[in-house]
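Chemist: Kindly return the folded structure for what I paste below:
(chains A and B)
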Amino acid sequence: MTSTTTAPTAARLLTTTPLIRILDLKVHFPVERGLLIKRRLGTIKAVDGVSLDINSGEVLGLVGESGCGKSTLARGILRLVPITEGEVLFEGNDLAGMRKARLNQLRPSLQMIFQDPYASLNPRKTVFDTIAEPLKVHGLSGRKNLALEVGRLMGQVGLAPRLMRKYPHEFSGGQRQRIAIARALALNPRLLIADEPVSALDVSVQAQILNLLRKLQREHNLTMLFVSHDLAVVRHMTQRIAVMYFGRIVEIGAAETIFERPAHPYTRTLLEAIPVPDPVRARIIRDRLPTGDPPSPLNPPPGCAFAPRCPYVKPACRETVPELTSVFESGSAPHHAACLLHDSLPPFSITG
Amino acid sequence: MYRSGTAGDQSDIQPLLSVKDLSVSFYTREGVSRAVNRLSYDVYPGETLGIVGESGSGKSVSQYAMLGLLPMPPARIEAGTALFQGQEILNRTQREYRSLRGREISMIFQDPMTALNPFMTVGKQLKEPLRIHEGLRGAEARHRVLDALHAVGIQDGVRRLDMYPHEFSGGMRQRVTIAMALITRPRLLIADEPTTALDVTVQAQILALIRKIQHEMNMTVTLITHDLGVIAGACERVIVMYAGQIMETAPVDSLFATPRHPYTSALLASLPSAHTRDNDLYTIPGMPPDPMETTTGCPFAPRCAHATEECLFTECTIKEVAPGHWSACIRTQAGEL
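Modeler: Modelled structure (predicted):
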């Protein structure tokens, strides 16, 4: 392996154009009670004003804890959930406002893989049927060449083509995730969204799938949105990372900078909470405890959503919702954070 | 055996739990699945022992077997002894198990929602072990319940008593199950992936909570997890399991600094970290052995980068290769690795 492939260079990031441009995206879910006469109890703002570029050929990481809206954002980009407001520009076309028929024409370019490969595969379909289905639907392969093409795709993800008549239950978790990846790649997508693709897998299998995703990303120059709660995995896989909290992006920047100079207190809290496989370091950071729980989505606090848990909180934080602003230019990518205090935070150190 | 060198000289300390040659199988229509294979280990009073392994390694099954929590059949304890405070606890009657579980040994599980009864208020559920094991009721029980909730960091206990599990967040629910497990002041807490379903920030809080209560009550903890990071921060000693057997056991610092079994080294090498960005991750070739098939030799040998022909045929027994550090690898034992 050479190092030419992953290290993002300034030149590369500056010359790329965004494949996806998200503008002020909102996905709100009404919360209702009652069967016939519905009473509106409130609104959950799962995604509340996210703007984001995913550059062509890059792997962008999206991290956050459960309920922060990262999966809803991923689904919103593909319009798998109804969009309340905002735009998702894919090569200049707005997916959010597009008619269904036109959207379906673009679907081959936009693919997704999920956490649980068992739930995302139809147990009654053979591997051949599963991988061939998108090819048939979009009429991309003649009947004769179908088996050949499915075999080629299986080979690409490290599965022996002779297994194509088998059913999902005959495969291990890692192999099932390979099947899901082969299906996602069948139509030569431009964008691949991976939502917690290795969270259900054992450590040794996780390594295999991560290597496979990186290999395919390079070979196809795929643009990827890699959604995960596991920061070590995201650091390994991505060039840029966006951190989400309570429906908003609170920090975004080059992956290494996020880890070395986190500018948002929430990012710092997350980094300190990750268990590290190093007993000496683990004992140093284990008592720096995050306080409190995330706020209730039905009853959001005024001001910064992290303020109630923030160790650096000032009175102003409880009144103003901070916007993402540029905190510094670092190396390869601009670094933005949504914190009123980003200038006055003490330096971050994880080693003590 | 397998004594830690970290906690001073323990040579005259009796283990709280001593497991010897425990083997557990499942008898199914497809055949016999050997889940746990001649497992031997000791747990010493006051320590936190980690058991780490991937799915199917037998780490949970071994603990369930000891507490009479496996349905028999299909499960069967083939052999072995487990002495808890000197008393045999394997193959007891369900009646005997009921007086052991929740009083002397408590267990918490991965998913706090399934461990709690959704139709019962939290207060009622917490009072149950007190009524069953200590015959405690009324104001006295209520007092103990409030104490327990306070101990796990639930401040407004009085209000919480009449609430149902669904009214709690995931982290709060796990606090409730911990309160319930500890309300009878057990000697040993077995925590089976207690934070796997939780977010990292909540995980850090729950692990710290277990640590705090352990010190206050001088309790012993067995922590089962797949997460080597959790082991590093929470345990003093660790057992690495693979295919139903112990591959390696050592004090945590020694295990992470100088792993002495190729399986442990391979697991550590396959973790993504700050230094792996420019390279592919190390991967272990092949798959774990089918528990339905009887194997000879070291179960890891077919996937091991250092295996010789001898490894495939020589029955491996765990031996001390450095102070407090035990390995089942015959090549390590011979000083070749």
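Chemist: Please count neighbours and contacts with C-alpha atoms only from this point.
Modeler: Fine.
Chemist: How about the residues of chain B by chain A?
Modeler: B:54-55, B:199-205, B:208, B:226, B:228-233, B:252-253, B:256, B:267, B:270-274, B:276-284 (Cα under 8 Å from any Cα of the partner chain).
Chemist: Mark which of the residues you listed are part of helices, please.
Modeler: B:200-205, B:208, B:228-233, B:252-253, B:256, B:267 (DSSP state H).
Chemist: returning to what we had before: of the residues of chain B next to chain A, keep whichever come out buried.
Modeler: Burial by neighbour count, 16 or more other Cα atoms under 10 Å in any protein chain shown: within the residues of chain B next to chain A this picks out B:54-55, B:199-205, B:208, B:226, B:228-233, B:252-253, B:256, B:267, B:270-273, B:276-284.
Chemist: hey, C-alpha coordinates of stretch B:316-328 in CSV?
Modeler: Extracted C-alpha coordinates of stretch B:316-328, given in CSV (Å, rounded to 0.1, in the frame of the first residue of the first chain):
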residue,chain,number,x,y,z
CYS,B,316,-2.8,-26.6,24.1
THR,B,317,-2.8,-26.0,27.9
ILE,B,318,-2.4,-22.6,29.3
LYS,B,319,0.9,-22.0,31.1
GLU,B,320,2.5,-19.0,32.9
VAL,B,321,5.0,-17.4,30.5
ALA,B,322,5.8,-14.3,32.5
PRO,B,323,4.8,-13.3,36.1
GLY,B,324,1.0,-13.4,36.2
HIS,B,325,0.8,-13.7,32.4
TRP,B,326,-0.5,-17.0,31.0
SER,B,327,-0.7,-18.1,27.4
ALA,B,328,-2.1,-21.1,25.6
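Chemist: Report the rounded mean pLDDT for that stretch.
Modeler: Across stretch B:316-328, the average pLDDT comes to 93.
Chemist: repeat for stretch B:267-278
Modeler: Mean predicted confidence for stretch B:267-278 is 87.
Chemist: Could you list the contact residues of the stretch 51-200 of chain A toward chain B?
Modeler: Contact residues, the stretch 51-200 of chain A versus chain B (Cα under 8 Å from any Cα): A:65-66.
Chemist: okay, and for the stretch 51-200 of chain A, where does confidence drop off?
Modeler: Within the stretch 51-200 of chain A, the ranges that satisfy pLDDT under 70 run A:141-143.
Chemist: As a check, name the ranges of all helices in it.
Modeler: Under the criterion DSSP state H, counting those that start in this stretch, helices of the stretch 51-200 of chain A are mapped to A:70-77, A:100-106, A:127-137, A:143-156, A:173-185.
Chemist: same question, the stretch 201-350 of chain A
Modeler: So, for the stretch 201-350 of chain A - with DSSP H, counting those that start in this stretch - the helices run A:203-220, A:231-237, A:255-260, A:265-273, A:279-285.
Chemist: Let me have these in JSON lines, extended by distance to B:Pro299, mean pLDDT and mean neighbour count.
Modeler: Shown next, in JSON lines, are these (distance: least, Cα to Cα, whole Å; pLDDT from 0 to 100; neighbours: other Cα atoms under 10 Å in any protein chain shown):
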{"stretch": "helix A:203-220", "distance to B:Pro299": "16", "mean pLDDT": "91", "mean neighbour count": "19"}
{"stretch": "helix A:231-237", "distance to B:Pro299": "28", "mean pLDDT": "92", "mean neighbour count": "23"}
{"stretch": "helix A:255-260", "distance to B:Pro299": "38", "mean pLDDT": "91", "mean neighbour count": "20"}
{"stretch": "helix A:265-273", "distance to B:Pro299": "35", "mean pLDDT": "90", "mean neighbour count": "22"}
{"stretch": "helix A:279-285", "distance to B:Pro299": "28", "mean pLDDT": "84", "mean neighbour count": "18"}
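Chemist: Between those, which one is closest to B:Gln174.
Modeler: Across the helices of the stretch 201-350 of chain A, B:Gln174 has its closest neighbour in helix A:265-273 (17.5 Å, Cα to Cα).
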